[in-house]
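# no sequence for this one, just the structure:
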């Protein structure tokens, strides 16, 4: 005799089959827990992060996935003011500066985009792409103003989630952050936002497979990783920096200064001048290193 309810029987079989697979039930339980923890509450975010750690421990998600999810969760309460590069440490270009001066700054900082100001540094009139300077080299009579791209201004209170969405929608990679009075507070890039999710984004200067962490730049200066060994710096520059108490140049300079230096600060040590190019995670990522200028000799001393 044929089954009068074949569809019902097949459905029941699928349910029974799922019940025999505890891994599927576990995943559903984890998902339900995540949804429950997202609901507002004093400890909901901490509990959600603990759930992610538990999922990693049970090998339901990979460690890299857990880190990214945690980054997204923590980023929900962060604003542009939390991540921006403060105005005093911004690298600007003066619209009235000669070409050679502009080129020297672009090479020295190794950025791809620069705010351009006129008159006062707070008066930003546009953004210049570093690659556009090549057009000036080929056509010196070209007006620099014609190469500027519109500057995007955002308030310090703008959430990183919303800012990232705007970056993607407008295909823009840099924004000028302004305070409540309309003054320039700093700048923020799409890389700054993404690194809050995925961690530090390596670039072509990053140390890979044990390669040297000291690089020569086009202007003759050097770019040195903050975690470069002091012995490597001494060897590269013929210096005699102390190696007894610290292994890395970043640790030595932070100890000498009494704190982690900020971007744009410079510290002279052992005949070398260490200028901070980039900081990440409470540590210096890159220094620009040049020879420290010789002290002026007074006539009486001579």
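Yes, it's here. Small disclaimer: the values here were computed from a predicted structure and weren't measured.
# From here on, just use CA atoms for contacts and neighbour counts.
Will do.
# what ranges of the stretch 151-300 of the chain fall below the confidence cut-off?
Low-confidence segments of the stretch 151-300 of the chain (pLDDT under 70): 198-212, 217-219, 280-282, 294-300.
# can you give me the strands in it?
Ranges of strands in the stretch 151-300 of the chain, per DSSP state E, counting those that start in this stretch, are 153-155, 174-178, 184-189, 214-216, 222-225, 266-269, 272-280, 283-291.
# and those strands, which is most packed in?
strand 222-225 (a mean of 24; mean count of other C-alpha atoms under 10 Å).
# So which elements touch that strand?
With contacts taken as 3 or more C-alpha pairs under 8 Å, 6 or more residues apart in numbering; DSSP states H and E, strand 222-225 sits against strand 214-216, strand 283-291.
# Go through those and name the closest to residue 72.
Residue 72 lies closest to strand 283-291 among these, at 22.0 Å (C-alpha to C-alpha).
# tell me what that closest one is packed against?
Using 3+ C-alpha pairs under 8 Å, 6+ apart as the test, strand 283-291 ends up in contact with strand 222-225, strand 272-280.
# host element of residue 136?
helix 133-138 (DSSP states H and E).
# if we look at that helix, which residues are touching it?
When contacts are defined by C-alpha atoms under 8 Å, 6 or more residues apart in numbering, helix 133-138 is touched by residues 99, 103, 142, 144.
# Can you check what pLDDT the model gives the second one?
I take that to be residue 103. Per-residue pLDDT puts residue 103 at 83.
# Next, find the distance separating residue 130 from residue 171.
Taking C-alpha to C-alpha, to the nearest Å as the measure, residue 130 falls 17 Å from residue 171.
# Those two: which has the busier surroundings?
Shown here are residue 130 and residue 171; by other C-alpha atoms under 10 Å, residue 130 has more neighbours (16 against 10).
# who touches that one in this structure?
Contacts of residue 130 (C-alpha under 8 Å, 6+ apart): 106, 111, 112, 113, 114.
# just the buried members of the residues you listed?
By neighbour count, with 16 or more other C-alpha atoms under 10 Å, those hold 106, 113, 114 as buried.
# how far out from the middle of the chain is stretch 222-242?
Centre-to-centre, stretch 222-242 and its host chain are 24 Å apart (C-alpha atoms, centre = their mean, to the nearest Å).
# My error: substitute stretch 95-107 in the last question.
On C-alpha atoms, centre = their mean, the centre of stretch 95-107 falls 25 Å from the chain's centre.
# Among the contacts of helix 133-138, find the lowest-pLDDT one for me.
residue 142 (76).
# SS state for that residue?
coil (DSSP: H, G, I helix; E, B strand; the rest coil).
# quick thing: my sequence starts at 846, can you match it?
Sounds good: first residue 846 from here, last item residue 987.
# ok, it - contacts?
980, 981.
# hmm, try it at 6 Å
Contacts for residue 987 (C-alpha atoms under 6 Å, 6 or more residues apart in numbering) come out as none.
# next one: residue 1061
Counting by C-alpha under 6 Å, 6+ apart, residue 1061 has contacts residue 1067.
# so which of the helices and strands packed on strand 1067-1070 gets nearest residue 968?
strand 1128-1136 (27.3 Å).
# From the contacts of helix 978-983, pick the one nearest residue 906.
Nearest to residue 906 among these: residue 948, at 47.2 Å, using C-alpha to C-alpha.
# residues near residue 1036, how many?
The burial count for residue 1036: 13, using other C-alpha under 10 Å.
# gap between it and residue 997?
Distance from residue 1036 to residue 997, by C-alpha to C-alpha: 16 Å.
# same question, residue 921
For residue 921, the distance to residue 997 - C-alpha to C-alpha - is 22 Å.
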